[in-house]
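Asks: Mind looking at a prediction? Sequence and model below.
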Number of protein chains: 2
Amino acid sequence: MNIYFACSITGGREFEATYQEIVAALRADGHQIPTSHLVQSDVMENEREILPQEVYDRDVNWIKNCDVLIAEVSVPSHGVGYEIGFALNIGKPVLCLHQKDRRVSKMITGNSNPMLSTKAYGNVKEAISQAQYFLTTC
Amino acid sequence: MNIYFACSITGGREFEATYQEIVAALRADGHQIPTSHLVQSDVMENEREILPQEVYDRDVNWIKNCDVLIAEVSVPSHGVGYEIGFALNIGKPVLCLHQKDRRVSKMITGNSNPMLSTKAYGNVKEAISQAQYFLTTC
């Protein structure tokens, strides 16, 4: 499948290692992830060289062309919140994953859109299993 | 005007005093702000007593019924990012205000939707002036 993986960039990179492990596991399963470079440690430097409007247009086009969006939402992010809404609005299935001790916005946990699933995980292995299971249901 | 004021709740309350001053100034100008209780210091306790789905449905209805959405985006927030996208999608004018030293997601700064304006402010007085000016253009 073509998966848009959404994660915090400007909002903070505290969960970067988790993003990397989830993306690596899904790519190893044979999925395509156009945003896979966004989980790398040099993302801020690389993205700085591109105009903000180019980043926006690129990301929105990737959402339009993806089969599903998987967001890691442990770290707050305006961009990820926007992307979740954008994907739901055009009918894409969305999975939000977060570390179980993290509080998540009620605009996500209270959203009854049937295309949206939210799962708390204890460790990254569990997060990967939840993502893999989600993909079998889409 | 009926203004949906969007600010970080779960994402962090570092800018709470700024939220309060902006909302107080706009209310003093005679505007209605259904979300004005969300800028108060006891918001987390009060919102905890309401089911997440009730919060979501209430907030989405407020966005549908507002004239404009004004978001303070200095502190990352999934909810605010979602709300900005939701408002733009139904054709509402949106102003994003942020403290000038804060980095803001390219999903906001790179978004060329003509209904979206983004302004950096040096102090809260300037933020209020930017909000007041924005309201004269809507």
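Replies: Here it is on my side, so go on. Since the model is a prediction, treat every value here as computed from it, not as a measurement.

Asks: residue boundaries of the helices in chain A?
Replies: Secondary structure of chain A (DSSP state H): helices at A:16-28, A:43-48, A:52-65, A:78-89, A:106-109, A:124-137.

Asks: what comes up buried for the worst-scoring helix or strand of chain A on mean pLDDT?
Replies: The weakest-scoring helix or strand in chain A, judged by mean pLDDT, DSSP states H and E, is helix A:43-48 (a mean of 86). Residues A:43, A:47 are the ones in helix A:43-48 that count as buried (16 or more other C-beta atoms under 10 Å in any protein chain shown). The way it works is simple: take the backbone N, C-alpha and C, and place the C-beta from them, glycine included.

Asks: sorry, back to before: redo the helices of chain A as a markdown table? Include distance to residue B:56.
Replies: Below are the helices of chain A laid out as a markdown table (distance: least, C-beta to C-beta, whole Å):
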| stretch | distance to residue B:56 |
| --- | --- |
| helix A:16-28 | 26 |
| helix A:43-48 | 30 |
| helix A:52-65 | 21 |
| helix A:78-89 | 12 |
| helix A:106-109 | 6 |
| helix A:124-137 | 21 |
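
Asks: got any ranges where chain A has weak pLDDT?
Replies: Scanning chain A for pLDDT under 70 picks out nothing.

Asks: Relative to its centre, which residue of it is most distant?
Replies: residue A:49 (22.3 Å; C-alpha atoms, centre = their mean).

Asks: these two touch, right, residue A:73 and residue A:108?
Replies: Yes: the criterion here is C-beta atoms under 8 Å, and residue A:73 meets it with residue A:108 at 6.4 Å.

Asks: Need the residues touching each of the two.
Replies: Taking C-beta atoms under 8 Å, 6 or more residues apart in numbering or on different chains as the contact rule, residue A:73 and residue A:108 both touch A:84, A:96, A:118, B:78.

Asks: which residues does the first one contact?
Replies: Right, the one you point to is residue A:84. Applying C-beta under 8 Å, 6+ apart to residue A:84 gives the contacts A:6, A:69, A:71, A:73, A:94, A:96, A:108, A:116, B:78, B:81-82.

Asks: Point out the residues in chain A that sit beside chain B.
Replies: A:8-12, A:47, A:51-57, A:59, A:73, A:75-86, A:89, A:103-112 (C-beta under 8 Å from any C-beta of the partner chain).

Asks: Just the buried residues from these, in ChimeraX please.
Replies: Selecting only the buried entries of the residues of chain A next to chain B in ChimeraX, with 16+ other C-beta under 10 Å as the criterion:
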select /A:8,9,10,11,47,52,55,56,59,73,75,76,77,78,79,80,81,82,83,84,85,86,104,105,106,107,108,109,110,111
